[in-house]
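Kindly return the folded structure for what I paste below:
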Amino acid sequence: MKLAIVIPAHNEEKVIGAVLKSLPKKIKGIDEIVSIVVDDGSEDRTYEVAKQYADRAIKLVLNMGVGAATITGLEVAKKEKADIIVTMDADGQHRVKDIQHLIKPILSDSKDVVIGSRMKNHNGMPFVKVFGNWTMNVITFIVFRKWTSDSQSGMKAFSKSALKKMKLHSVGYEICSEIVGEIRRNKLAFTEVPIEVVYTDYSRAKGQDILNAVNILTKSIAIRIGRQK
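Predicted structure coming up:
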């Protein structure tokens, strides 16, 4: 059983090395773990640092967006013939110990997709992020008719069969909502597991701006309309 950990990164030179060094070397039920970093046109040394510690490092010449970087990483994971694929953020906010909890429902063959939810226990989470996440949950539900407690979580797990069915085209943060839509469209078995998040001054400065909700809504509607044609 092979696990691929996909990490899209943009200007993460300060932390990407520590994130990669912290990744688990062994997980029960997994025979091989491969780390894949996609540098989304960074202006710093993210790619150079990633090459030192990641099993695979890909450099996008231009800053395409987190969606494009994530899809690129997922395609590499397919070529690596990974059985389970996990995505996580590059800013150090995710605890790598949660990876084993994330993949457990897939290892047991009970689920196709698992979302790591920060909202199951959001103690310590800045209020603006809690409010922003619930706003995006509502937007995602309105557009794609599928409810999740943390639609914008960057920490997810997919079985290889689920990933094969999903058709992803997003270039920006709307990728998270599109994934929820694909879960519903393909009738994939889905669950959420609680994850812990580390909030530092650095990680607080990263992620989505709540004002980006309008942009995500517009692009999500376009995706939904496109699916109906």
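
shaky segments in this structure?
Along the chain, the parts satisfying pLDDT under 70 run over 122-124, 201-229.

most centrally placed residue in it?
Geometric centre of the chain, nearest residue: G154, 3.2 Å, by C-alpha atoms, centre = their mean.

Name the nearest residue to it, ignoring sequence neighbours.
Once flanking residues are discounted, G154 sits nearest to D89: 4.2 Å by C-beta to C-beta, 6 or more residues apart in numbering. C-beta here means a position set from N, CA and C on the backbone, and glycine is covered the same way.

Quick check: the gap between the one you found and K26.
The spacing between D89 and K26, counted by C-beta to C-beta, to the nearest Å, is 22 Å.

Same drill for those two, tell me which one is more crowded.
D89 (21 against 8; other C-beta atoms under 10 Å).

hang on, that one in a strand?
No - counting by DSSP: H, G, I helix; E, B strand; the rest coil, D89 is not part of a strand but coil.

pretty sure it contacts I7?
Yes - the criterion here is C-beta atoms under 8 Å, and D89 meets it with I7 at 7.4 Å.

what helix or strand is E178 on?
Using DSSP states H and E, E178 falls within helix 175-185.

How about that helix, which residues are buried there?
I175, C176, S177, E178, I179, V180, G181, E182, I183, R185 (16 or more other C-beta atoms under 10 Å).

Could you do stretch 53-69 as well?
So for stretch 53-69, counting by 16+ other C-beta under 10 Å, buried means Y53, A54, R56, A57, I58, L60, M64, G65, V66, G67, A68, A69.

Check stretch 106-123 too.
Neighbour-count burial for stretch 106-123, counted by 16+ other C-beta under 10 Å, picks out I106, L107, K111, D112, V113, V114, I115, G116, S117, R118, M119, H122.

element containing K28, please.
Using DSSP H and E, K28 falls outside every helix and strand.

got it, and E75?
helix 66-79.

which residues are in contact with the helix holding E178?
66-67, 70-71, 112-113, 136, 139-140, 143-146, 148, 151-154, 156, 165-170, 188, 190, 216, 220, 223-224, 227 (C-beta atoms under 8 Å, 6 or more residues apart in numbering).
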